[in-house]
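**Q** Sequence and predicted structure below; questions after.
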Amino acid sequence: MFIETTVQASQGGAPALEARNICKNFGGIKALDDVSFQLNKGEILGIVGDNGAGKSTLIKSVTGAYRKSSGDVLLNGNSVEIENTRKARELGIETVYQASGLVEVMDAPSNLFLGREKIQSGWLGQAFGFINRRKMRSETVDLLKTVNIKVRNLSAPIRNLSGGQQQSVAVGRAAYWQGEIIILDEPANNIGVDQQRAVLALIERIRETHGVSFIMISHNMDHIFKVADRVIIMRGGRKVGDLRIEDTTREEVVGLITGASLA
Ligand SMILES: Nc1ncnc2c1ncn2[C@@H]1O[C@H](COP(=O)(O)OP(=O)(O)OP(=O)(O)O)[C@@H](O)[C@H]1O
Ligand SMILES: [Mg+2]
């Protein structure tokens with residue numbers, strides 16, 4: 001009790017991210033109906049729900065990948081306009097999508113710096129480009145070490161890495177770029193059990209070391225109950241539950257997902 005109060009006080013009050021009354025229509029279809037949620041600082045927030053419940057749409061509408069129909073987004077208590085994903089990144093929000101967001105034919109350093117490299121022209125620029133390339137490689141080696149990935153050949157295309165390793169690179173990249181908020185849409189989808197564990201361990205570690213707040217969309221109750229502090233449940237475009245993990249059970253969460261009535 002005492003410890004909890006202290007932690008909350010040190011977090012400085014306002015949530016890292018707050019979404020208020022988010023609505024999103026696709027033509028006549030209401031994909032999101034008045035969804036509000038908060039992500040506290042240093043928190044791992046799970047989002048669950050059946051296929052088509054609106055989980056990805058919620059994240060995309062909050063981070064500027066989709067233009068929301070209405071609603072507000074606040075960061076650290078301040079209202080922000082996030083027109084596109086680039087703006088989200090500038091504001092410290094990194095999103096790792098269902099497809100990991102890596103480009104398979106590029107090598108790991110290129111992927112780490114994807115969209116951030118400074119392209120320089122002229123001989124001087126090329127000389128700097130070369131130096132940057134070396135720096136990119138050395139930083140990539142550090143990153144891969146941090147996320148426990150052994151890559152024999154840094155110049156090899158990233159598709160030579162396993163799915164789980166690619167996910168780790170994606171999460172590591174988000175942390176590298178000092179995302180204050182990292183959002184993962186099905187981070188452990190379609191990868192082996194050991195690698196799922198590695199990605200979850202990485203999430204927990206980055207939360208500890210960097211104080212990053214996470215949103216993790218997942219269908220896997222084991223993952224949610226293993227790492228999340230809180231879970232919100234989506235059904236039919238609405239938020240139907242918002243529960244602290246320690247106050248709930250899988251049965252309750254699954255009941256809310258499926259709409260089985262709860263007393
Ligand atoms: N670009 C789009 N255009 C039209 N409808 C869309 C679009 N994106 C999502 N939808 C619709 O919005 C609803 C919510 O979809 P969303 O992808 O957010 O679900 P989800 O909860 O992420 O599901 P899953 O677990 O399968 O990833 C669905 O009915 C879907 O068909
Ligand atoms: Mg989805």
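**A** Here it is on my side, so go on. Residues are numbered from 1 along each chain as shown. Ligands and ions are numbered 1, 2, ... in the order given.
**Q** just so I have it, where are all the strands in the stretch 151-263 of the chain?
**A** 181-185, 213-217, 230-235, 238-244 (DSSP state E, counting those that start in this stretch).
**Q** so is residue 38 in a helix, a strand, or just coil?
**A** Following DSSP: H, G, I helix; E, B strand; the rest coil, we place residue 38 in the strand state.
**Q** Would you tell me what helix or strand the closest residue to it other than its chain neighbours is located in?
**A** Distance criterion Cβ to Cβ, 6 or more residues apart in numbering; nearest residue to residue 38, sequence neighbours excluded, is residue 15 at 4.1 Å. For glycine as for every other residue, the C-beta is placed from the backbone atoms N, C-alpha and C. Remark: residue 15 resides in no helix or strand, with elements defined by DSSP states H and E.
**Q** Repeat that for residue 136.
**A** Residue 136 belongs to helix 122-146, assigned by DSSP H and E.
**Q** Need the mean per-residue confidence for that helix.
**A** On average, the pLDDT along helix 122-146 is 68.
**Q** Near ligand 1, which residues of the stretch 51-200 of the chain are found?
**A** Proximity of the stretch 51-200 of the chain to ligand 1 (Cβ under 6 Å from any ligand atom) is limited to residues 51-57.
**Q** how does it look with 8 Å?
**A** Within the stretch 51-200 of the chain, the residues that sit near ligand 1 (Cβ under 8 Å from any ligand atom) are 51-58, 60, 66, 98, 185-186.
**Q** which stretches of the stretch 101-250 of the chain have low pLDDT?
**A** 101-106, 111, 114-131, 147, 149, 162-164, 167, 177-178, 187-191 (pLDDT under 70).
**Q** neighbours of the residue nearest to residue 38, just the number please.
**A** 19 (other Cβ atoms under 10 Å).
**Q** and if you look at residue 81?
**A** Residue 81 has 8 nearby residues by other Cβ under 10 Å.
**Q** Distance of it relative to residue 13?
**A** For residue 81, the distance to residue 13 equals 22 Å [Cβ to Cβ, to the nearest Å].
**Q** before we move on, what about residue 245?
**A** Counting by Cβ to Cβ, the gap from residue 245 to residue 13 is 22 Å.
**Q** what residues are up against the residue nearest the centre of the chain?
**A** The residue lying closest to the centre of the chain (Cα atoms, centre = their mean) is residue 183, at 1.4 Å. By Cβ atoms under 8 Å, 6 or more residues apart in numbering, the residues touching residue 183 are 59, 63, 93-96, 214-217.
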